[in-house]
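Colleague: Only the shape, not the letters, is given here:
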DNA sequence: GGTCCAATAGTCTCATTGATACGGTCTCAG
DNA sequence: CTGAGACCGTATCAATGAGACTATTGGACC
């Protein structure tokens, strides 16, 4: 799956080294699709073997490897983008796990957790809002990026709403705030 | 990390076999912390080696292994529940990944994706609402479960709002619906 | 009572991943 | 010209994810 990120980034920005991929991943998809950097050195050679990329070696002492997209690679990307079924999302959130078992621990732990999560998600929300505001939604080149950030913002709003409500009133019978139904 | 789920479930429900763990995981934490079933046969023996569980073998032909919590296990769980730092959540959502690269594909693909995601998340939302409604929020025994579901509901509402807005108006310059700020 | 099917229960294997330590190379300030 | 810090890449190893495979058991039906 992370392989498609590699294909996508090269398709969008042109030939790249794994190191550059790493930088691009970090500033774009990392928050909803984290990829350890070592993976970005493993994927491209594998994709090259499959004929989806070609490798162009640099001569210099720091022998960097620049990867180009092939037609087959472009085709694979296209096929993935129009596939009918999309695999389910997977989230692993230690905070939710702790929330699920909070009744086995201290009541004060729960409040601490809620406060910490509230501020963490507030920061993320600010970050996404800043990034989103920096983009021109009319610009076709950053349209996708803008949309992804929009979703991120909505998600973080939900997180903030939840944890803030829980922190403010840990004994409330129910946590769902006013935008419930 | 999945090991704490094992400890938590045994702490809450008493001694269990891996198979029973699997069932409990599926109906409780799986949606925000999926655990492949093989893992639930790997974790308990490892935890037993660490002294956090004890194993009680059954004699019968189907030699099931029932795992009990030790005092050390209870202590480890407690420590985890009150740890100051909570690791970051990790989400891997193929739909968001495709959204991020949607500009490289067809415009109709995006609409199809949005529609599919909208209905998927609507179903999840319904599911969580049903489960949540089935619990008595005043019941201390299911309090945690109820809260986790509340968060799930808020998250799914955000997802539905986003994908519905995108499906309804794919050419809108910005996707954030009315509850923006 | 026998026997067959579905549900239950558990094991195994293998490629991939995550985490992180390690090893080189470049550049620029002092 | 040198060494510190940023840049860049590889290696290693345990843990994980996916799923094939095997075995047991409890009925349903004869």
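Modeller: Ah, there it is. Owing to the predicted nature of the structure, the values given are computational and were not obtained by experimental measurement.
Colleague: Could you tell me which residues within the helix or strand of chain A with the lowest mean pLDDT count as buried?
Modeller: Scoring the helices and strands of chain A by mean pLDDT, DSSP states H and E places strand A:53-57 at the bottom, with a mean of 86. Neighbour counts over strand A:53-57 (16 or more other CB atoms under 10 Å in any protein chain shown) mark residue A:53 as buried. Just so you know, the C-beta spots here come from the backbone N, C-alpha and C atoms, and that holds for glycine as well.
Colleague: Which neighbouring elements make contact with that strand?
Modeller: Where contact means 3 or more CB pairs under 8 Å, 6 or more residues apart in numbering or on different chains; DSSP states H and E, strand A:53-57 is packed against helix A:2-13, helix A:39-49, strand A:65-69.
Colleague: so of these, which one's packed in deepest?
Modeller: helix A:2-13 (a mean of 21; mean count of other CB atoms under 10 Å in any protein chain shown).
Colleague: near chain B at all, that helix?
Modeller: Yes - using CB under 8 Å from any CB of the partner chain, helix A:2-13 comes into contact with chain B via A:4, A:5, A:8, A:11, A:12.
Colleague: from these, which single one is nearest residue A:106?
Modeller: Set against residue A:106, the nearest of the residues of helix A:2-13 next to chain B by CB to CB is residue A:5 (40.9 Å).
Colleague: okay, now residue A:136: neighbour count?
Modeller: Around residue A:136 there are 12 other residues, counting by other CB atoms under 10 Å in any protein chain shown.
Colleague: Ok, the one 5 residues further on next?
Modeller: Other residues near residue A:141 come to 10 when the count uses other CB under 10 Å.
Colleague: Residue A:16 now?
Modeller: Residue A:16, neighbours per other CB under 10 Å, totals 23.
Colleague: before we move on, what about the one 4 residues further on?
Modeller: Burial of residue A:20 is recorded as 18 neighbouring residues (other CB under 10 Å).
Colleague: Any regions of chain A where pLDDT drops low?
Modeller: In the predicted model, chain A carries pLDDT under 70 at residues A:58-63, A:173, A:176-181.
Colleague: Spatially central, which residue of it would that be?
Modeller: Chain A has residue A:32 as the residue nearest its centroid, 2.0 Å off, counting by CA atoms, centre = their mean.
Colleague: where does the closest residue in space to it that isn't next to it in sequence fall, phi/psi-wise?
Modeller: Once flanking residues are discounted, residue A:32 sits nearest to residue B:96: 4.6 Å by CB to CB, 6 or more residues apart in numbering or on different chains. As for residue B:96, its main-chain torsions (degrees, to the nearest 10) stand at phi -70, psi -40.
Colleague: One more: residue A:29?
Modeller: The phi/psi pair for residue A:29 (degrees, to the nearest 10) is phi -90, psi -10.
Colleague: sorry, back to before: so the least confident helix or strand of chain A versus helix A:39-49, what angle?
Modeller: Going by axes from the mean of the first three to the mean of the last three CA atoms, to 10 degrees, strand A:53-57 is angled at 110 degrees with respect to helix A:39-49.
Colleague: re the thing from before, would you confirm that the residue nearest to residue A:32 contacts residue A:148?
Modeller: Yes - counting by CB atoms under 8 Å, residue B:96 does reach residue A:148; the two are 6.1 Å apart.
Colleague: Report the set of residues contacting both of the two.
Modeller: Contact criterion CB atoms under 8 Å, 6 or more residues apart in numbering or on different chains; residues shared by residue B:96 and residue A:148: A:29, A:32.
Colleague: Could you count how many residues lie near residue A:164?
Modeller: So residue A:164, with other CB under 10 Å, has 18 neighbours.
Colleague: ditto for residue A:149
Modeller: Neighbours around residue A:149, by other CB under 10 Å: 25.
Colleague: list the contacts for it?
Modeller: Residues near residue A:149 by CB under 8 Å, 6+ apart: A:128, A:131, A:132, A:135.
Colleague: Also residue A:43?
Modeller: Taking CB under 8 Å, 6+ apart, we find residue A:43 in contact with A:2, A:3, A:6.
Colleague: and what of residue A:17?
Modeller: A:64, A:65, A:66, A:67.
Colleague: Repeat that for residue A:111.
Modeller: Neighbouring residues of residue A:111 by CB under 8 Å, 6+ apart: A:167, A:170.
Colleague: how far is whichever strand or helix holds it from where the chain is centred?
Modeller: Assigned by DSSP states H and E, residue A:111 belongs to helix A:107-133. Relative to its chain's centre, helix A:107-133 lies at 17 Å (CA atoms, centre = their mean, to the nearest Å).
Colleague: what comes up buried for it?
Modeller: Across helix A:107-133, burial judged by 16+ other CB under 10 Å covers A:109-111, A:113-114, A:116-118, A:120-122, A:124-125, A:128-129, A:131-132.
Colleague: I'd like the next helix or strand past it.
Modeller: Per DSSP H and E, the helix or strand that comes after helix A:107-133 is helix A:143-168.
Colleague: tell me which residues of that next one are tucked away?
Modeller: Quick answer for helix A:143-168 (16+ other CB under 10 Å): A:143-167.
Colleague: Just the angle for it relative to helix B:143-168, thanks.
Modeller: Going by the same axes, to 10 degrees, helix A:143-168 makes 150 degrees with helix B:143-168.
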